[in-house]
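*Asks:* okay, sequence plus prediction incoming.
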Amino acid sequence: MKALTNPPTIEDYRELLVNHVKRLEEQRNCAINSSTKVSIVTVVYNAEATIERTLKSIACQNYENIEYIIIDAKSSDRTLEIIEKYKHIVTYLISEKDGGIYDAMNKGISLCSGELIGLLNADDFYEPDALHNLISYYTTHKGDVLHGNVNYVKNGEKLFTLKPPIHLSKASFTEMPINHPATFIKREVYEEIGLYRTNYKIAADWELTLRAFMQYKNFIYLPFTITNYSLEGVSSINASL
């Protein structure tokens, strides 16, 4: 700003304030971008209708320290062609037959090197500031299992936001108490308690969450929306099985 020869005006103060806020924001982003690595795993099979939305939600994150792993079960549609367009954001891509969704998740987790690991379905997508907000909260609150809100969407339209309980107890686990698509687990927790048990068709996420709780892992509620959850997904369609 140019030197002032007259008493400062309201516009001068406004310019000073804007510049100050800009510097603080740059400092905050710099600190966050050089901190915790987040690993994201997407398991996919023949998702040409939705995978690009998922990929865009990773590409548009305002957080840079991301490791992105895609485990594809030999898709026969245009899924791999679409992923190729976003290869600049993909750290690892494996395309081979697997033993089901949880086997594929385990395969992806075994490749992760980040401190926190999230699982993003091929028909779901993150909010643009999801990972930035995650790390901002994690920096001050820590925790072993961090979980937030999800928007339930159908045909691209938001239906409602689901907020999990802030405090969990044994009674909470009569059903899945947290939103798995909006959950991040420390890599060392997986190393300690093990991965998903593949004998469960769609409930292995509930079982692993219960296992972590019973081993006294610290669950932290993230008071904001992380993920947009598609009601056309595998878990929602087969929830009664």
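*Replies:* Received the coordinates, thanks.

*Asks:* what number of residues lie near the residue lying closest to residue 86 once chain neighbours are set aside?
*Replies:* Distances taken as C-beta to C-beta, 6 or more residues apart in numbering put residue 55 closest to residue 86, at 4.3 Å, once the chain neighbours are dropped. For the C-beta atoms, the positions are set from N, CA and C on the backbone; glycine is no exception. Using other C-beta atoms under 10 Å, residue 55 has 24 neighbouring residues.

*Asks:* cool, residue 179 as well?
*Replies:* The burial count for residue 179: 20, using other C-beta under 10 Å.

*Asks:* that one reaches residue 164, doesn't it?
*Replies:* Yes. In terms of C-beta atoms under 8 Å, residue 179 counts as a neighbour of residue 164; the distance is 5.7 Å.

*Asks:* residue contacts, the residue nearest to residue 86?
*Replies:* Contacts for residue 55 (C-beta atoms under 8 Å, 6 or more residues apart in numbering) come out as 82-83, 85-86, 89.

*Asks:* what subset of those is buried?
*Replies:* 82-83, 86, 89 (16 or more other C-beta atoms under 10 Å).

*Asks:* and those residues as a markdown table, adding distance to residue 141, pLDDT and secondary structure?
*Replies:* Conversion of these to a markdown table gives the following (distance: C-beta to C-beta, whole Å; pLDDT from 0 to 100; DSSP: H, G, I helix; E, B strand; the rest coil):
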| residue | distance to residue 141 | pLDDT | secondary structure |
| --- | --- | --- | --- |
| 82 | 36 | 98 | helix |
| 83 | 34 | 98 | helix |
| 86 | 31 | 98 | coil |
| 89 | 27 | 98 | helix |
